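Q: dropping the sequence and predicted coords here.
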Amino acid sequence: MFRLIAALRTGKTLSALRRAALAAPAVLLGLLVADAALADTRTAVVPKRIIYPGEELDAGQLEEVEVTNPNIVNGFAETIAAVNGMVTRRTLLPGRVILTSALREPFAVSRGTTVQLVFESRSMVLRAAGTPLQDAAVGELIRVRNKDSGVIVSGTVMADGTVHVVAK
């Protein structure tokens, strides 16, 4: 400010104004870069305690933290809502990011339980009782033994717990 007043007194206003005009965009650019850096901050989900394989994740076991490592590998969970209710495939340690590859959807059907087999062909629908030969989540193709005939068929697990049989 003092330089500007001194420049005005000596008549060198053109160079002082030129310097001020050049400095203003640089300051604004610096503010925009800082704002972009703040907007680029990411969060990661980490467990508060050790979580063992097969456990279902609950929001109380997890917390969201800011990612400070710019070189962190992609594929980690960023929000608690995205992983709440999922089941772990391996041990998760406290303070470590949770990779989405370490999680799976909960099983919709369990091995050895009774499920309903459904076969649809045009206007005909056949239903029968069956026993899954493996655990499976919704959308997975599994093998199921028909309880009445003993025949093993393949089918897709549906959200309601039924298995839609695939025609050969």
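A: Good, I have the coordinates.
Q: next, the closest residue to Leu126 other than its chain neighbours: phi, psi?
A: Using Cβ to Cβ, 6 or more residues apart in numbering and skipping the chain neighbours, the partner closest in space to Leu126 is Phe119 (4.4 Å). In short, each C-beta sits where N, CA and C put it, glycine included. Backbone torsions for Phe119, taken as degrees, to the nearest 10, come to phi -120, psi 120.
Q: what is the mean pLDDT for the helix or strand encompassing Val65?
A: Assigned by DSSP states H and E, Val65 belongs to strand 62-66. In this model, strand 62-66 has a mean pLDDT of 94.
Q: parallel or antiparallel, list what pairs with that strand.
A: According to DSSP bridges, strand 62-66 forms sheet pairs with strand 43-47 (antiparallel).
Q: so what touches the strand it pairs with?
A: Outside strand 43-47, the residues that touch it by Cβ atoms under 8 Å, 6 or more residues apart in numbering are 61-67, 72, 76-80, 82-83, 92-98.
Q: can you turn the buried part of those into a PyMOL selection?
A: Selection of buried members from those for PyMOL, criterion 16 or more other Cβ atoms under 10 Å:
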select buried, resi 61+62+76+77+78+80+83+92+97+98
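Q: quick check: what element follows the strand holding Val65 along the chain?
A: Next element after strand 62-66 (DSSP H and E): helix 80-83.
Q: which other helices and strands does that next one contact?
A: Helices and strands touching helix 80-83, as assessed by 3 or more Cβ pairs under 8 Å, 6 or more residues apart in numbering; DSSP states H and E, comprise strand 43-47, strand 62-66.
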